[in-house]
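*Asks:* have a look; sequence and predicted model below, questions after that.
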Amino acid sequence: MLHNKKVLWTISLFIVFLLLPVTLYIAQTKQVTTQHASFLSGNNTNLIYFYPSEDTVSGNQPLIVNVRTVTRESINAIQANIHYPAQLLHVTNITYDGSSFDIQAEEKRMPGLIKIARGVINPVSGDNLIATITFTPIAINSSIASLSFTNGTAVVDSTRSQNILEKTATAVYNLVPSQTSP
């Protein structure tokens, strides 16, 4: 009987100290995912947006931004014209790893403007990654950097070949100098 109590006590400790933190982490991740999905489904529009939409970046740490679209209808092409403050941010990389749009039609980088045009053979709908952009802050003082979509941004319906974009979202990033230790 004493042996069974020790086994039960050991199993209880195992559950509390090992499985509970894992369960809490999964629950927290699910909550963030659920909040993100709630934002998207509650929006109920054909949208192009940045994720994260706000963040704080310290010193010369990279700012990594996903460009995404969420649609009700099937789409097969996007054009994302992105304005950014060239005096505050430098584009260091644009990748398409994990993008739902595997055909590249355009990628232009100009000071303050990025143009990305991509397509896909099999139409997609819902929440889809377009590209991931890595910026490096170039400001020395604290600043606010905003990203926005400019004229010509489009999400193309796969059956009618029409722009069905209803809304664009902006993003705001707080750029702060590196903290130096005394």
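*Replies:* The structure has been received and is ready for your questions.
*Asks:* could you find the closest non-adjacent residue to Pro85?
*Replies:* Nearest residue to Pro85 in three dimensions, chain neighbours excluded: Ala145, at 5.2 Å (Cβ to Cβ, 6 or more residues apart in numbering). Every C-beta, even on glycine, is put in place using the N, C-alpha and C of the backbone.
*Asks:* helix/strand/coil for that neighbour?
*Replies:* At Ala145 the chain is in strand, as set by DSSP: H, G, I helix; E, B strand; the rest coil.
*Asks:* which of the helices and strands in this structure ranks last by mean pLDDT?
*Replies:* helix 20-43 (a mean of 40; mean pLDDT, DSSP states H and E).
*Asks:* do you know how far Thr170 is from Ala145?
*Replies:* Separation of Thr170 from Ala145 (Cβ to Cβ, to the nearest Å): 11 Å.
*Asks:* one step back: partner strands of whichever helix or strand comes after the least confident helix or strand of the chain, with direction?
*Replies:* Next helix or strand after helix 20-43 toward the C-terminus (DSSP states H and E): strand 47-51. Partners of strand 47-51 in the sheet, by DSSP bridges, are strand 63-83 (antiparallel), strand 167-168 (parallel).
*Asks:* how does the protein divide up, domain by domain?
*Replies:* Annotated domains of the chain cover 1-43, 47-176 [automatic domain parsing].
*Asks:* so where's this structure uncertain?
*Replies:* Under the criterion pLDDT under 70, the flagged ranges of the chain are 1-44, 139, 180-182.
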